[in-house]
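Asks: Have a look; sequence and predicted model below, questions after that.
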Amino acid sequence: MKWKLNIRREIKVIVALVGITFLIAFSEKKQGGIICKNVVVEIDNLYENHFMDEVDVLKLVEGSGQSIKGVSIDRINLRDIESKLKNDKHILRADLYGDLKGNLVVEVKLRRPIARIVQSDAPDAYISEEGLIMPVSEKFTSRVALISGAFTKKLLESEDLNNTEEGTQLLEMIEFINEDKFWKAQVAQLDINSAGKIFIYPQITGQRVEFGTPENIDEKFRKLMIFYKEILPQRGWTKYERVNLEYEGQVIAE
């Protein structure tokens with residue numbers, strides 16, 4: 001009797017598996033024959049960086065060189081369109097798929113800017129969270145720290161801060177500032193000279209901070225915090241015009 005019960009159970013499992021396989025195959029076949037009636041754009045914008053909207057993404061899709069509407073979804077080269085979308089430096093990720101209603105769904109995730117490069121003789125640009133240099137947008141201005149100075153030319157030429165050691169160090173410094181609420185609010189601008197030395201211009205206090213190269217970041221900001229907490233309250237907030245953090249174990253203020 002137990003043996004018969006086991007046989008029946010196995011038969012039921014096999015029938016269920018066959019049924020599921022049939023449904024999947026039928027669904028895929030049905031979806032493959034669906035004609036694209038519409039393009040639906042969904043933008044994942046966690047940080048509300050409105051550099052692009054649905055219309056901009058739709059223009060990129062329609063300008064991909066492929067016929068979209070009225071074409072069977074399985075005949076559209078989705079990977080090619082995804083690749084063309086990711087060529088736009090504002091876009092971090094792009095995923096395309098067709099649904100059973102005849103929609104070509106385009107899911108896009110935008111990059112997050114963490115600093116803005118400002119220049120007097122050329123267009124500005126943003127530095128993304130990943131270190132990529134991306135263009136500004138007429139639609140949106142992100143409130144981030146400014147990067148200026150002669151060194152910005154090298155940053156723009158690299159196109160990605162991760163391509164050079166100096167760029168990687170600067171990216172680490174920007175991340176350090178943005179991860180700390182006080183420094184994110186206090187640091188308004190980083191001016192970098194041709195030698196790669198950084199001068200910080202703060203939001204509140206008037207002193208120019210001579211930071212040096214972006215090395216020993218934790219230690220230098222620790223010294224600057226001591227200067228703000230222990231020296232300025234005693235000597236006066238406007239007494240000093242500059243503070244130098246370059247030398248180990250020292251804070252030089254004049």
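Replies: Arrived safely.

Asks: what about residue 239, how many neighbours?
Replies: 13 (other C-beta atoms under 10 Å). For glycine as for every other residue, the C-beta is placed from the backbone atoms N, C-alpha and C.

Asks: Over to the one 3 residues further on?
Replies: Using other C-beta under 10 Å as the criterion, residue 242 is surrounded by 13 other residues.

Asks: where does the chain dip in pLDDT?
Replies: By pLDDT under 70, the weakly predicted segments of the chain are 1-32, 46.

Asks: How is this protein partitioned into domains?
Replies: According to automatic domain parsing, the chain comprises the domains 38-110, 113-253.

Asks: For this protein, which segments count as helices?
Replies: Shown for the chain, the helices assigned by DSSP state H span residues 2-32, 54-62, 78-86, 152-158, 165-179, 181-186, 217-226, 232-235.

Asks: I'd like to know which elements the third one is packed against.
Replies: Using 3 or more C-beta pairs under 8 Å, 6 or more residues apart in numbering; DSSP states H and E as the contact definition, the elements that helix 78-86 packs against are helix 54-62, strand 91-98, strand 103-110.

Asks: tell me what the second one is packed against?
Replies: Judged by 3+ C-beta pairs under 8 Å, 6+ apart, the packing partners of strand 91-98 are helix 78-86, strand 103-110.

Asks: most tightly surrounded among these?
Replies: A comparison of those by mean neighbour count, using mean count of other C-beta atoms under 10 Å, puts strand 103-110 on top with a mean of 20.

Asks: Compare the helices and strands packed on strand 91-98 and give me the one nearest residue 39.
Replies: Proximity to residue 39 (C-beta to C-beta) singles out strand 103-110 among the helices and strands packed on strand 91-98, at 4.9 Å.

Asks: what angle sits between the closest one and strand 91-98?
Replies: 170 degrees (axes from the mean of the first three to the mean of the last three C-alpha atoms, to 10 degrees).

Asks: what residues does strand 103-110 touch?
Replies: 36-45, 49, 51-52, 57-58, 61, 68, 73, 76, 81, 85, 90-99 (C-beta atoms under 8 Å, 6 or more residues apart in numbering).

Asks: Quickly run through the sheet partners of that strand, with directions.
Replies: According to DSSP bridges, strand 103-110 forms sheet pairs with strand 38-44 (parallel), strand 91-98 (antiparallel).
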